[in-house]
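Q: no sequence for this one, just the structure:
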DNA sequence: CAGCCTCCATACGGCAGCGTATGGAAGCAC
DNA sequence: GTGCTTCCATACGCTGCCGTATGGAGGCTG
């Protein structure tokens, strides 16, 4: 850990983003966490804003990787079920999502959040269409299902709902009129 | 506006909370907005934390007032429909909700958010039980409906869904197995 | 109008974080 | 090993915000 790369900084920034929101993506605290100083940061990045953007880009990449893996599953129903299983178990991604939704006044953040959501919705919609659903119907179902997931994660986050998210998979599947597992 | 009360400060703090989250509840900026100085603030409040708590209390009161008004509606179905109509049109409350969900690491904030959510869920559940639904079923439906609303508001906030929330009323009603309007 | 009490303005010290400047250490080239 | 490049540590000034101290303006009471 003696010599750092820009990627190391971006990774640490993403973790800080998940834990404390965009405001927590602060140079000096992250430097402490990495066991280094600002001198390193300002060598790899132009300013703080660039670090936030790098963290968001990393987050966006995670979605791409997840989608690429899921696309190897041929059966669209199983693909959707696996997606939900993975998503429901990932509380970090949910935390980041809420941080960004909350900070959506920042145009850059809102744009990234919108693009990632659109990517996910498109991926899900494609699966439903693959099952023979017309595009507009698939779109509505997917928006409902993804929205329902977000809401459940929100209620769980504030402790208003104790049941683990896993238990809601069948419900979200039903939202999209898919058979339970 | 020459002489301010603690309530004026709390109100301004709530607006700042909706616009910029808990971090935006800062004494000096709000003082500027009120056309006064910190001298006024520290006369009415002990410290910044007290101001945040006052803003949260004000938000909680809004929920109580809304519930009190709705309880004057005898028919539970119409009561629920009116609730959704009011809620869906209120983007400020949604904004505050997301701010608090995002900032739920703060135990005090999480506690308020949980209490308000619990109050709302309880109110909705009571309406469903009034229609003859057993408590556990009503609870599940209500969690699904409220979660669905939160998710829709989230997608709308980041621009991932253009349709106005009003158009989702029937869907949320259906989530709770209630008839459309 | 004298005195008091309520409320606010101003000035101050302190801390955290941003960004810059500059020197130095460690690796690589030859 | 000399010189160059890459990377980092330290020190500095600046801004925004918190909280305190203190004095003063304006209304209320007698």
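A: Here it is on my side, so go on. Everything quoted here is computed from the prediction, not taken from an experiment.

Q: for the residue positioned nearest the centre of chain A, what are its contacts?
A: Nearest to the geometric centre of chain A sits residue A:93, at 4.2 Å (C-alpha atoms, centre = their mean). For residue A:93, the contact set (C-beta atoms under 8 Å, 6 or more residues apart in numbering or on different chains) comprises A:59, A:62, A:87. For every residue, glycine as well, the C-beta is placed using N, CA and C.

Q: now do the contacts for the closest residue in space to residue A:127 that isn't next to it in sequence.
A: Nearest residue to residue A:127 in three dimensions, chain neighbours excluded: residue A:76, at 4.2 Å (C-beta to C-beta, 6 or more residues apart in numbering or on different chains). Applying C-beta under 8 Å, 6+ apart to residue A:76 gives the contacts A:127-128, A:130-131.

Q: which SS state does the nearest residue to residue A:12 once chain neighbours are set aside fall under?
A: Distances taken as C-beta to C-beta, 6+ apart place residue A:30 nearest to residue A:12, at 5.1 Å, with adjacent residues excluded. Assigned by DSSP: H, G, I helix; E, B strand; the rest coil, the conformation of residue A:30 is helix.

Q: touching, residue A:30 and residue A:14? I think so.
A: No - Residue A:30 lies out of contact with residue A:14 (C-beta atoms under 8 Å); the separation is 10.4 Å.

Q: what helix or strand is residue A:59 on?
A: Element membership for residue A:59 (DSSP states H and E) is helix A:48-70.

Q: how about that helix: buried residues?
A: A:50-56, A:58-59, A:63, A:66, A:70 (16 or more other C-beta atoms under 10 Å in any protein chain shown).

Q: got those as CSV, with pLDDT columns?
A: Shown next, in CSV, are those (pLDDT from 0 to 100):
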residue, pLDDT
A:50, 98
A:51, 98
A:52, 98
A:53, 98
A:54, 98
A:55, 98
A:56, 98
A:58, 97
A:59, 97
A:63, 96
A:66, 97
A:70, 98
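
Q: ok, back up a step: now render the contacts of residue A:76 as a markdown table, adding secondary structure and distance to residue A:180.
A: Output for these, formatted as a markdown table (DSSP: H, G, I helix; E, B strand; the rest coil; distance: C-beta to C-beta, whole Å):
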| residue | secondary structure | distance to residue A:180 |
| --- | --- | --- |
| A:127 | helix | 16 |
| A:128 | helix | 16 |
| A:130 | helix | 19 |
| A:131 | coil | 15 |
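
Q: please indicate which of those are buried?
A: Counted by 16+ other C-beta under 10 Å, these give A:127-128 as buried.

Q: of the contacts of residue A:76, which is the nearest to residue B:172?
A: residue A:128 (20.6 Å; C-beta to C-beta).

Q: got the contact list for the closest one?
A: A:76, A:80, A:137-138, A:141-142, A:176.

Q: which strands and helices sit next to the lowest-mean-pLDDT helix or strand in chain A?
A: Scoring the helices and strands of chain A by mean pLDDT, DSSP states H and E places helix A:169-175 at the bottom, with a mean of 90. Counting contacts by 3 or more C-beta pairs under 8 Å, 6 or more residues apart in numbering or on different chains; DSSP states H and E, helix A:169-175 packs against helix A:76-89, helix A:135-157.

Q: does the last one come close to chain B?
A: Yes - Helix A:135-157 is in contact with chain B by C-beta under 8 Å from any C-beta of the partner chain, via A:143-144, A:146-152, A:154-155, A:157.

Q: can I have the buried ones of those residues as a PyMOL selection?
A: Burial among the residues of helix A:135-157 next to chain B is assessed by 16+ other C-beta under 10 Å; the matching PyMOL selection reads:
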select buried, chain A and resi 143+144+146+147+148+149+150+151+152+154+155+157
